[in-house]
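In: sharing a model prediction with you, sequence too.
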Amino acid sequence: MLVALGGGALLAGIALLGAARARRPVAEGAEVAHASRAGGAAASSANEIVEDGFRHEVAAWSFALADHELAIEDVGMGRALDALLESRRDAVLVVNGGFFDPEGRALGLALSNGTLLSKLARAASGGVVTFDGTRARLHETETFAMPEGTRFAIQCRPRLVVAGVPNVKRDDGKRSERTALCLRDGGATLDVVLVKAAAENAAEVPGPSLYALARGLAARGCEDALNLDGGPSTGVAARMPDGGATRELPRGPVRHAIVVKRR
């Protein structure tokens, strides 16, 4: 789903709870700050975003990029992120990727294993996360030039956090489920973040604003962060150490999915 950014009144009442987070293994090769509600994983109140009195659960899988590769797969406007996970033996997590147009064509740069899947859309603004096999970096779209040795790149919008500072300056009034890529440790660590309304809030509001998300991610230590496609495209599937899988499948179709693989 293509997200349009607009203006709106600034709303108060945004908080990130649990600055000292307890980590729990949830995906093979990963750690999680707050377990997803799916797959029977243990619930925790350590990480959540509270906005306008509504509570939103933050699930974050953390990967050392020295041990992992990033790739993009065409899901064919489907929803089966779990099937993609199961079809790739080396995959440990699959999350929805970037935007697409009403005809299902990808919008924005997508590069996987050095192969161009979709061209840069400079007019779409936002940012690009690149990975060269060692570190990930977040770039602004307007001045982006492909770094030498880039193996993975994904464009989306907006850049939520830049150099540790929230980059969304006002609340546009929109509330939705969210997914994001968070870079830490100078780009050596990648967090895949999914935020959805807690069960008691889901009938009233599906998730937080981008304004609240940006502040929540900065508070949990993201040095840079890029918003991915949200709303009905929000979804993740992750392997668990016992051989099972955690699933939060998208409500709507997805063009591209980002795959985190073991080396």
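Out: Good, I have the coordinates.

In: what about the stretch 1-150 of the chain, any weak spots by pLDDT?
Out: The stretch 1-150 of the chain contains residues with pLDDT under 70 at 1-46.

In: that one: helices as residue ranges?
Out: Using DSSP state H, counting those that start in this stretch, the helices of the stretch 1-150 of the chain run over residues 81-87.

In: show me where it has its strands.
Out: 15-17, 31-32, 48-51, 54-64, 68-78, 91-96, 99-100, 106-107, 110-112, 115-118, 127-131, 136-140 (DSSP state E, counting those that start in this stretch).

In: could these go into CSV alongside mean neighbour count and distance to residue 255?
Out: Just so you know, the C-beta spots here come from the backbone N, C-alpha and C atoms, and that holds for glycine as well. Formatted as CSV, those follow (neighbours: other CB atoms under 10 Å; distance: least, CB to CB, whole Å):
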stretch, mean neighbour count, distance to residue 255
strand 15-17, 16, 31
strand 31-32, 21, 26
strand 48-51, 22, 27
strand 54-64, 22, 22
strand 68-78, 18, 6
strand 91-96, 26, 9
strand 99-100, 22, 4
strand 106-107, 20, 5
strand 110-112, 23, 9
strand 115-118, 16, 9
strand 127-131, 25, 17
strand 136-140, 19, 21
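
In: OK, contacts around the closest residue to residue 122 other than its chain neighbours?
Out: The shortest distance from residue 122 to any non-neighbouring residue, by CB to CB, 6 or more residues apart in numbering, is to residue 141 (5.8 Å). Residues near residue 141 by CB atoms under 8 Å, 6 or more residues apart in numbering: 120-122, 124-128, 155, 157.

In: what about those, which one has the most neighbours?
Out: residue 155 (29 neighbours; other CB atoms under 10 Å).

In: measure it to residue 145 for me?
Out: Applying CB to CB, to the nearest Å, the value for residue 155 to residue 145 is 13 Å.

In: quick check: residue 124 touching residue 107?
Out: Yes: at 6.3 Å, residue 124 counts as touching residue 107 under the criterion of CB atoms under 8 Å.
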